[in-house]
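1. Take a look and give me a structure for this.
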Amino acid sequence: MNVEFINPFLKATTNVLSMMAFVNPVAGKPFVKKDKVAKGDISGVIGLTGPTKGVVIFSLTKPAAIKIVNSMLSEKYTDLSEEVSDAIGELTNMISGDARRELAGKGFKFEAGLPSIVKGPGHIIETITKGPTIAIPFHIDGAEFVVETSFE
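-> Sure thing, here's the model as predicted:
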């Protein structure tokens, strides 16, 4: 996996969430993910094609998803409703788009599919990529989420 692909997703996550949801996520140390079990209760997944195949996964614990979406939409959701799912899908799309813009500036042009949402504690996400999955952990006031990328 090309290390140049990691920082654009870290920056995109911080940019999108601060601009769209008015929250300031704090990034932790990226790590290589060893299993396919999602770190959150809800995940947005987008496949990428271009110079190589890839995937972006935005996986949030329920408290993180609720906190971000409530801030973004000025609402008071308490569960992972259809509206919360839609918002997580849109945020996944925005994070992917922001990162892809930066990657295009470095000569790596990617196209993205439509986001899919997977919900439930301990859900499994199987991807078509053969490369390692790099997870970037984040937290917002103790609520946790990760952005995962995997490229061939």
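2. From residue 31, how far off is the most centrally placed residue in the chain?
-> In the chain, the centroid-proximal residue (Cα atoms, centre = their mean) is residue 58; its distance is 2.2 Å. Residue 58 sits 16 Å away from residue 31, going by Cβ to Cβ, to the nearest Å. Bear in mind the C-beta positions are built from the backbone N, C-alpha and C, glycine included.
3. again, but for residue 59
-> Distance from residue 59 to residue 31, by Cβ to Cβ: 14 Å.
4. what do you get for residue 53?
-> 22 Å.
5. the more surrounded of the two?
-> Taking other Cβ atoms under 10 Å, residue 53 and residue 31 do not tie; residue 53 has more neighbours (17 against 12).
6. who's in contact with that one?
-> 47, 128, 129, 151, 152 (Cβ atoms under 8 Å, 6 or more residues apart in numbering).
7. least confident pick among the residues you listed?
-> The member of the contacts of residue 53 with the lowest pLDDT is residue 128, at 79.
8. My read is that that residue contacts residue 47, right?
-> Yes. Between residue 128 and residue 47 there is a contact at 7.3 Å, judged by Cβ atoms under 8 Å.
9. what do the two both touch?
-> Residues touching both residue 128 and residue 47 (Cβ under 8 Å, 6+ apart) are 53, 55.
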